[in-house]
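Novice: Show me how the following folds:
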Amino acid sequence: MYNMKAKIFSREFMMIKQNWRTLALCTAALLVFFGIFEHKSPYYFLQDDNRTFSLPAFAHTYETLAQTGRPALFNFHQSLSVPVFQETPVFYPPVYASVLLSKLSTGSIFAAVDIIVFGHLLLSLWGFFALLVFLGCGAGAAGICSLAWALNGFLIFSSTSSWFITAVAAWFPWAVLLALGILARPSLKKALLLAALRTLMFTVAHHQYFVYAVMVEIMSFAAVLLYRSAEAEQPAPVSRAVKFYLLSHVFTVIACLPLLIAIAASLAGSCGRNGPLGWHDFSYLNYSLLSWLAGLFYPYSRDLLKYYSGWPHMVQLSHIGYVPLAFASVTIWRLLKRRGTETDGFHLKAFASVTLIIFLWTLGVFNPVEQYIPVLNRFRWHFKLGLFLNFYLILIAAAGLDFLLGKFDGEQRKKVVFLLTAVCALNFGALYLLGPRVTFNTFSDPAPLVKPLRRELSDGRIFTVGFVTPGPRNAASLGFNYATLFGLNHFAGYGQLVPQANAKEIMGLNYTASFNSRLDGETIARLRGWGVKWYVVAKPSEYRYAKALRAAGITPAFEDAERVIYKDPAASPLAEAGGKPLEVAFPGDSMRIQTSGLTQCVRANVLYSKFFKARDETGRDIPVSPDMANRALLCPQAQSRELTLYYSNPFLIIGLAISALLAAIAALVIFFRKILWIKN
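Specialist: Numbering: from 1, shown residues only. So this is what the prediction gives:
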């Protein structure tokens, strides 16, 4: 099987080249399945958070770069203005590519999520295939199991809500491949490449999955190293392999440092992750053994949801396909019976150990200890680790399948591969074409979404009232982060890492952004002060709010089947000087105010941030300070026609400087060590 003394990936690349037809067929099969998803439901992956949080983030990220040439660090459209770099994929290149492809192919942004998901599914297929070939798998077993990895229940069902799970699935097999490659033949190139890969995963901006992916990768490296050492095999100097592997982590920290420092600073002041979670939140939504087994064996019916706890998607997540399930079961049984020596070169014992640890982790066995571990105690919903559990189960299945296929020759092997591939395809085809449509939350608003009254509602802030969200149709509410998507401005918004000051000012409306409490005069006065001009009221709830709104002089302006939109003519403007409203625009992640030659101070009706900066049309810096109500006050020293308010985080700049310094030191050390090595 796997030869640890082989040259750097040369044998594996040669095998991939020789078996390119198998990989091409798997790619074609994945394309067919993607067609099945889109046939069953156009914009299949545009559900739940992908629609209410990620798509607006994609739009804001792309438009900011296109309009200003800068990454989108800030968002003036939501929650009275908030930093967003800490929880949106601002520095992840595939986001820009997917938005561009969506605009070119459909004329809108709405296909961007499906495009990025499909790109990641392809990378996950190719990465898993490369890893299995590296481990010594033949093309047949590698093809079947790679397809199973790209189509497993966790990956498909959860990514309809969370596209970033496909990013983890795409890059994780390559990371494991490089980690084991360092163990096989240590080299600086592999260490640098692995660090670059981890850095790319870090820019996806889902910190929990990044930490989990790195931890599981470390476990894989350590398990293989320990088992091989126990077997007294010395494929390469162990200390040299460990040194280069540790060096890859040093390079990762150096590369991630600018974002890491800025994110750590923002977390300290955030409303959702500024400290360890309470026990209930931390221990909620682990796997249950029965639901895990139900998903493995019969994921086709929603009737199971009546018998097993958890959200509707949880039953289907564990499904890896019947072919991998059968071979994983047989292989594990052979290991337990100590009959797995024929496949020991596959690191089965090491991978089985990692699988067991992850399985117990998903069940919450380690929760009582984990709650006291810094960083980990800020992460919830341990069922998320089910992605890695599926990964290793399919990896183990590949060893057993390859062992079986090795018993056949020529045409017989082709027939067996064809039969098992057909079973696998029918299995997943039935699940995704005939099985239940499963997501966290399913929205029935047809995509592409219509931009409702965009021009009419653009001259003030919006406040969503009375919508029971998340509901089947919620785009009309303009809650969540739809305001960003449509280029409007909302009093509240959706974000886990919203600063505490913003969360307090927006009355804790940092999820659905819909207000469902009593609307009294004091609340209306508060909203009026923050420039709320438009009240989007759910029609079934209008009777609860109409009296209070009309008593304050706020009257209906627009109406449709789902909502009534009230207008407040007394709302404060979004910018003013000396009581005079000023015209504003929001290019990218900045706020532009037309001052028409005024010299007095200008009040921007956004929540003040200590990282705000401003300049006039000549590029001259303008002082920014908070007023008595903690709004941003811009005071030009001379006449100006235009002021631009923007966000500049010093922690990013400090991190860049430290990162550059450390990178230079590392490069010098490597350079001089190489010179010494050449001389010796």
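
Novice: Pick out the residue nearest the middle of this structure.
Specialist: residue 164 (3.1 Å; Cα atoms, centre = their mean).

Novice: That one: what's its closest spatial neighbour, skipping adjacent residues?
Specialist: Excluding its sequence neighbours, the residue lying closest to residue 164 (Cβ to Cβ, 6 or more residues apart in numbering) is residue 206, at 4.5 Å. C-beta: built from backbone N, CA, C; applies to glycine.

Novice: repeat for residue 568
Specialist: That would be residue 554: by Cβ to Cβ, 6+ apart, it lies 4.5 Å from residue 568.

Novice: Backbone dihedrals for the one you found, both of them.
Specialist: Torsion angles at residue 554 (phi, psi; degrees, to the nearest 10) stand at phi -100, psi 120.

Novice: wait, doesn't it sit right on residue 535?
Specialist: Yes - with contacts counted by Cβ atoms under 8 Å, residue 554 reaches residue 535, the gap being 6.3 Å.

Novice: Which one's more surrounded, these two?
Specialist: Taking neighbours as other Cβ atoms under 10 Å, residue 554 and residue 535 compare with residue 535 leading, 28 against 25.

Novice: what comes up buried for the helix or strand hosting that one?
Specialist: Assigned by DSSP states H and E, residue 535 belongs to strand 532-538. For strand 532-538, the neighbour count (16 or more other Cβ atoms under 10 Å) marks 532-538 as buried.

Novice: okay, that strand in PDB with CA atoms only?
Specialist: Extracted in PDB, the C-alpha atoms of strand 532-538 (Å, rounded to 0.1, in the frame of the first residue of the first chain):
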ATOM      1  CA  VAL A 532     -36.100  55.700  11.200                       C
ATOM      2  CA  LYS A 533     -38.400  57.000   8.600                       C
ATOM      3  CA  TRP A 534     -40.000  53.800   7.400                       C
ATOM      4  CA  TYR A 535     -41.800  51.200   9.500                       C
ATOM      5  CA  VAL A 536     -42.300  47.900   7.700                       C
ATOM      6  CA  VAL A 537     -45.200  46.300   9.500                       C
ATOM      7  CA  ALA A 538     -46.400  42.700   9.000                       C
END
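
Novice: Do me a favour and average the pLDDT over whichever helix or strand comes after that strand.
Specialist: Later in the chain than strand 532-538, the nearest helix or strand by DSSP H and E is helix 542-551. Mean pLDDT, helix 542-551: 95.

Novice: which helices and strands sit right next to helix 542-551?
Specialist: With contacts taken as 3 or more Cβ pairs under 8 Å, 6 or more residues apart in numbering; DSSP states H and E, helix 542-551 sits against helix 521-529, strand 532-538.

Novice: The longest one: which residues count as buried?
Specialist: Spelled out, that is helix 521-529. 523-524, 527-528.

Novice: of all those residues, which comes closest to residue 278?
Specialist: Using Cβ to Cβ, the shortest approach to residue 278 within the buried residues of helix 521-529 belongs to residue 523, at 28.4 Å.

Novice: and that closest one, what does it touch?
Specialist: Residue 523 makes contacts with residue 507, as judged by Cβ atoms under 8 Å, 6 or more residues apart in numbering.

Novice: With residue 377 instead?
Specialist: Per Cβ under 8 Å, 6+ apart, neighbours of residue 377: 276-277, 282, 370-371.

Novice: Show me which residues of stretch 640-654 are buried.
Specialist: Buried-residue list, stretch 640-654, by 16+ other Cβ under 10 Å: 640, 643-647, 649, 651-652.

Novice: what's the farthest-apart pair in those residues?
Specialist: Between any two of the buried residues of stretch 640-654 (Cβ to Cβ), the greatest distance is 29.3 Å, for 640 and 651.

Novice: returning to that earlier point: could you redo the helices and strands packed on helix 542-551 as TSV and give each row mean pLDDT and distance to residue 581?
Specialist: Output for those, formatted as TSV (pLDDT from 0 to 100; distance: least, Cβ to Cβ, whole Å):
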stretch	mean pLDDT	distance to residue 581
helix 521-529	96	14
strand 532-538	96	11
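
Novice: Among those, which comes closest to residue 170?
Specialist: Ranking these by distance to residue 170, with Cβ to Cβ as the measure, places strand 532-538 first at 37.8 Å.

Novice: helices or strands next to the closest one in the packing?
Specialist: In terms of contacts (3+ Cβ pairs under 8 Å, 6+ apart), strand 532-538 is packed against strand 461-465, helix 542-551, strand 563-567.

Novice: still on that earlier bit, outside of the strand holding residue 535, which residues touch it?
Specialist: Outside strand 532-538, the residues that reach it (Cβ under 8 Å, 6+ apart) are 457, 459-468, 476-478, 491, 545-546, 549, 554, 557, 562-569, 571.

Novice: again, only using 6 Å
Specialist: The contact list for strand 532-538, computed with Cβ atoms under 6 Å, 6 or more residues apart in numbering, reads 457, 460-467, 478, 491, 545, 563-566, 568, 571.

Novice: Stretch 91-110 now?
Specialist: Residues contacting stretch 91-110 (Cβ under 6 Å, 6+ apart): 58-59, 61-62, 89, 111-112, 115-116, 203-204, 447-448.

Novice: Equivalent analysis for stretch 279-290, please.
Specialist: Identification of contacts with stretch 279-290 by Cβ under 6 Å, 6+ apart yields 308-309, 362-364, 367, 371, 380-383.

Novice: farthest-separated two in those?
Specialist: Pairwise distances among those were taken by Cβ to Cβ; the largest, 24.7 Å, belongs to 308 and 371.
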